[in-house]
Structures are given as structure tokens and as C-alpha cells.
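Chemist: can you look at this prediction? I've put the sequence above it.
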Amino acid sequence: MKKSERLQATGAQALVDSLVKAGTEVLFGYPGGAVLDIFNCLPDAPFQFILGRHEQGCVHMADGYARAKGKPGVCLVTSGPGATNTITGLATANMDGVPLICITGQVPMDQIGTDAFQEADMNGICRAVTKHSFLVQSADEVPETVAEAFYIATHGKPGPVVIDMPKNVQRAFTSAQYPERVSLRAYHPESTATSSQMTRFAKMVNEAKRPVIYAGGGVIASGAAKDVANLAHKAQIPVATTLMGLGSFDENDPLSLRLAGMHGTAAANYAINDADLIVALGVRFSDRVTGKLAV
């Protein structure tokens, strides 16, 4: 029997097995007392573990991995200061739409709220800098929680998700298995344009005299770079990019206006200012690009 198909395992082992099922190839982490049970399971894990020198470094490495590979970055840190050290990295991933799973240790469930040693309300602290955060309350929840975390991190606008794992949950036993599919009743971010919407879009492009494509990081995250290039070439529309969108369109292409905004090129900014149609793809209209909107 494969280790990922155990009939019963500790919550810590169930977590590692679930990470394998979710497709984890690399885990960045730094040990601590509240996650030692998880670390004890890592020698037999089929994925690579990279030891950091600080929790903030671990989450930034996971962020960099996700940007480079196009897959969720995964990191593991301990409770209290170990967990809170990840906040800057989580905020960065959240702002830039980077898929990331951060697993944090936590004091046992019966000690939460007692000011226990190295206790921190990670579920509350990270709410403003993540897409979602889980507090796993039983070992039976572990496989489903991991599956849902990866789903949330990678569907819709990508972003970071925190899984807070109390120490007693890591040591408890479970026979729960990784789900075959994930269905979240309140989270359905995908949408497809209707034929009438596409017809209207085509009409707007064809009638525009000075159209500009404004491409951002969402183009890269969704793997739509080729589609953007095809649209630009077919309709002969120049392309300006945001900082996060750099690389989404060949800057040596005659249609490239390069970077737009405060630190961008004059050509990109003049083209956007004078455009009668801006095709905004995967952008958030940052103030570094838009400037003063009232003008």
C-alpha cells in the first residue's frame, strides 16, 4: 500500500500525504516546536524540502517559486513569532496575486485563547493579507482543508492561503482521505464571456480609432500571453504593460509600448492618455499607473 493511501495516519502525516496529492514539488520551511511532528514526516516525503534561515525568507522563496513555476508555492513555519514573521511575504503574494500555501503551527486547541507560549491568532492576524485562512480543528479535516486551500489559492485571482495546524491535531489519528474533487458552495470565481459579450467587444475594437491593450500580471497568471499577442497582431493594437505584466508581451515587437505609468515610457503613457478604447487585461489600475484619476 502506498503511503499516500494509508488507512490511518496522524494529522501531521495526513498533511504531508495531502501535500503530495496536491502536487507539491518543493516545500520551504523552518522548524519549531509546534511543527516538529510535521517535520518528523518529511524525511519520507517524495518532494524536496528546502531549509530557510528565517520564516520571512521561507515565504518569499515560496513566492518566488510560484512566480517562476506557475504553481503554488508552499512553506511551513512554527507558531507564534514563526507564523507572524510570514506576514510581509503573505501581503506581497496577496497584492501581486501569487498562489501560495503557508502552513503554520499552532498551540493545542484547548490552549487557544489562554495566552499560551508562542500562541498567536494567525487566523485573525492574516485575514487582511490572504485570500483565506483555515484553523484546522481535527485531524479528519486535514485532507479536505489542504485540497480546498490549493483550490482557493489557484482559482480566480491567485493568492495566499494559510493553514493553521494546532499541535494536538497533528498528533491525532485520522482515516480521512484526500478528496477527488473540490466544490465550494460560496466560491465560484470562474466566468466565461457570452457570445453577445464577445460580439460587443469585437464591435468596440473594430470601431476604435486609437485602441490600446493594457496588460497586467493577470495575463501571465492565466497563461493568456499568446492570446493577447494574437489579438494585438490581428487587430494591430499597441500593447502597454504594468510592472507585473512585464514579459506578457514581447518588448521587441513593433506593437510594444513597454511599461506604462509613473516609471514607464512616454510612448505608453501618451498612447493610454489619447486612447479611445483601453482593453484592460489582468490589471488592477494601480495608482502607480493611473496617477490622479480626477484629472
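Modeler: The structure has been received and is ready for your questions.

Chemist: all helices for the stretch 101-250 of the chain, in order.
Modeler: 122-125, 142-154, 167-171, 195-207, 217-221, 225-235 (DSSP state H, counting those that start in this stretch).

Chemist: what residues of the last one count as buried?
Modeler: In terms of neighbour count (16 or more other CB atoms under 10 Å), helix 225-235 has its buried residues at 225, 228-229, 231-232. From N, CA and C alone the C-beta is placed, and that goes for glycine too.

Chemist: got it, and the shortest one?
Modeler: Along helix 122-125, these residues count as buried under the neighbour rule (16+ other CB under 10 Å): 122-123, 125.

Chemist: what's next to it, contact-wise?
Modeler: 79, 83-84, 87, 104, 106, 133-135, 162, 164 (CB atoms under 8 Å, 6 or more residues apart in numbering).

Chemist: so how far is D96 from A267?
Modeler: Distance, A267 to D96, using CB to CB, to the nearest Å: 25 Å.

Chemist: who has more neighbours, those two?
Modeler: D96 (18 against 14; other CB atoms under 10 Å).

Chemist: for that one, give its distance to N40.
Modeler: In this view, D96 and N40 are 34 Å apart by CB to CB.

Chemist: can you check P160 too?
Modeler: Counting by CB to CB - P160 and N40 are separated by 26 Å.

Chemist: mind checking which of the two has more residues around it?
Modeler: P160 (35 against 15).

Chemist: would you map the strands across the stretch 1-150 of the chain?
Modeler: Listed in chain order, the strands of the stretch 1-150 of the chain (DSSP state E, counting those that start in this stretch) span 9-10, 26-29, 48-51, 73-77, 100-106, 132-135.

Chemist: nearest to G216, of the ones you listed?
Modeler: strand 100-106 (18.7 Å; CB to CB).

Chemist: that closest one versus helix 142-154: what angle between them?
Modeler: Here the directions of strand 100-106 and helix 142-154 differ by 140 degrees (axes from the mean of the first three to the mean of the last three CA atoms, to 10 degrees).

Chemist: what's the spacing between the closest residue to C41 other than its chain neighbours and L7?
Modeler: Distances taken as CB to CB, 6 or more residues apart in numbering place V16 nearest to C41, at 4.5 Å, with adjacent residues excluded. From V16 across to L7, the span is 16 Å (CB to CB).

Chemist: so how far is H155 from P189?
Modeler: Distance from P189 to H155, by CB to CB: 6 Å.

Chemist: more neighbours: those two, which one.
Modeler: Just comparing P189 and H155: by other CB under 10 Å the higher neighbour count belongs to H155, 17 against 9.

Chemist: list the contacts for the more buried one?
Modeler: 187, 189-190.

Chemist: pick the one among those closest to S286.
Modeler: Of these, the one sitting nearest to S286 (CB to CB) turns out to be P189, at 20.9 Å.

Chemist: list the contacts of that closest one.
Modeler: Per CB under 8 Å, 6+ apart, neighbours of P189: 155-157.

Chemist: can you pull the phi/psi pair for it?
Modeler: phi -80, psi -20 (degrees, to the nearest 10).

Chemist: do L281 as well
Modeler: Torsion angles, degrees, to the nearest 10, at L281: phi -120, psi 110.

Chemist: that one contacts I213, doesn't it?
Modeler: Yes. Using CB atoms under 8 Å, L281 makes contact with I213 at a distance of 6.6 Å.

Chemist: overlap of the contact sets of the two?
Modeler: With CB under 8 Å, 6+ apart as the test, L281 and I213 both reach V228.

Chemist: roughly how far apart are the residue nearest to G73 when sequence neighbours are not counted and L7?
Modeler: Excluding the flanking residues, the one nearest G73 by CB to CB, 6+ apart is A62, at 3.1 Å. Note on A62: its distance to L7, by CB to CB, is 31 Å.
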